[in-house]
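**Q** A predicted structure for the sequence below; I have some questions about it.
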Protein chains: 2
Amino acid sequence: MKPSGKIVSRLSEQGYRLTPQRMMILSVIEGGGGHISAEEIYAQVAAKYPYVNISTVYRTLELLKRLGLVTETDLGDGRLRYHPAEKGHHHHLVCTECGVVINLDESVLARLEDVLLHRYNFSADLKHMAIFGRCANCSE
Amino acid sequence: MKPSGKIVSRLSEQGYRLTPQRMMILSVIEGGGGHISAEEIYAQVAAKYPYVNISTVYRTLELLKRLGLVTETDLGDGRLRYHPAEKGHHHHLVCTECGVVINLDESVLARLEDVLLHRYNFSADLKHMAIFGRCANCSE
DNA sequence: TTTGTAGTTGCACTTAATTGCAATAAAAGG
DNA sequence: CCTTTTATTGCAATTAAGTGCAACTACAAA
């Protein structure tokens, strides 16, 4: 699995270097099923290419996040999850009682994003949110 | 400063013990201006009463959060912030570019909470949210 | 007031994430 | 192909937060 040319050229255009570490990290992020953690990325990369450090993974994720190429979301399991933007946006409802995760269409937050933009001139990043609460079962 | 009888009796009623550590932690949370971090609470408590451990602070906060007595919010500065529920709910817009924090009335998320409840039977905890994005100035 | 017990705490350790800094290497230009 | 510049990495250390477990203690009951 190779990283998509889209992300690679985006990095290149902006003056970021295409190191082997970044390439490996990118292909893992794009190759998997999404919602992957930094440690999981590290483990998968290190299995094939030992010359990577966990801090490089974190720094690469920080970069990709800043460029809007991946989203970072806390799904309540103690580690941040990363999801490639190209796989499409959505949100999650996370039950703090039983842990169930319900997927939500992106459109659910569209109106809020709109209100924040027009009323506060604030360009909210609502690409991949996790909303905590209690699911139907756990509400009693 | 003493902790409010309301919180104390709530803890007591539910079978939780009123230890001196908890009392000190509570009074610091209620006494300050809100949005305090665990380390700040610890420092303030330890100054007056050395017999406290930072892990007790974390565990007390976890308890208060679970009971809905304090809210826990990531305002983007690398530490979670705690706010007593009794001081009233509100939200924040946090600019990831310049760090400015804009306060938002609770009502801004009321509609979303409603939609999630009726459409998904999900009782969302939208008491004290931080929404990240770019403020008017930083949007260019 | 004493006792029993289950909730709490302190301590040491672990984990996820971040950071300073010297060494390294990508990539543009000669 | 070699040199230069500067982005990037690895390493070690740090920080915020969470946890297992034995010792302790709040508080209800005797």
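**A** Now that the structure is in, tell me what you want to look at.

**Q** could you use CA atoms for every contact and neighbour count after this?
**A** Noted.

**Q** how about the residues of chain A by chain B?
**A** Proximity of chain A to chain B, by C-alpha under 8 Å from any C-alpha of the partner chain, involves residues A:93, A:109, A:112, A:120-126, A:131-136, A:139.

**Q** again, only using 10 Å
**A** By C-alpha under 10 Å from any C-alpha of the partner chain, the part of chain A that sits against chain B consists of A:66, A:93-96, A:102, A:104, A:108-109, A:111-113, A:115-117, A:120-126, A:129, A:131-139.

**Q** what about the closest residue to residue A:86 other than its chain neighbours, neighbour count?
**A** In space, and not counting its chain neighbours, residue A:86 is closest to residue A:69: 7.4 Å by C-alpha to C-alpha, 6 or more residues apart in numbering or on different chains. Residues lying near residue A:69 (other C-alpha atoms under 10 Å in any protein chain shown) number 18.

**Q** got the contact list for residue A:69?
**A** Residues in contact with residue A:69 (C-alpha atoms under 10 Å, 6 or more residues apart in numbering or on different chains) are A:6-7, A:10-11, A:61, A:63, A:82-86.

**Q** just the residues of chain A next to chain B: which are in helices?
**A** A:66, A:111-113, A:115-117, A:120 (DSSP state H).

**Q** restricted to buried residues, select those residues in ChimeraX.
**A** Buried residues within these, by 16 or more other C-alpha atoms under 10 Å in any protein chain shown, are selected in ChimeraX with:
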select /A:112,113,116,117
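
**Q** of the ones in helices among the residues of chain A next to chain B, which is the nearest to DNA strand D?
**A** Using C-alpha to the nearest atom of the strand, residue A:66 is the member of these that lies nearest DNA strand D, at 11.9 Å.

**Q** next one: that closest one relative to DNA strand C, how far apart?
**A** 12 Å (C-alpha to the nearest atom of the strand, to the nearest Å).

**Q** and that residue, how far from residue B:56?
**A** 36 Å (C-alpha to C-alpha, to the nearest Å).

**Q** phi and psi next, for the closest residue to residue A:129 other than its chain neighbours.
**A** If the residues on either side of it in the chain are set aside, residue A:129 comes closest to residue A:91, at 4.9 Å by C-alpha to C-alpha, 6+ apart. Phi and psi for residue A:91, reported as degrees, to the nearest 10, are phi -130, psi 170.

**Q** so what pairs up with the closest residue to residue A:102 other than its chain neighbours in the strands?
**A** Distances taken as C-alpha to C-alpha, 6+ apart put residue A:93 closest to residue A:102, at 4.9 Å, once the chain neighbours are dropped. Going by DSSP bridges, residue A:93 is paired in beta bridges with residue A:102, residue A:131.
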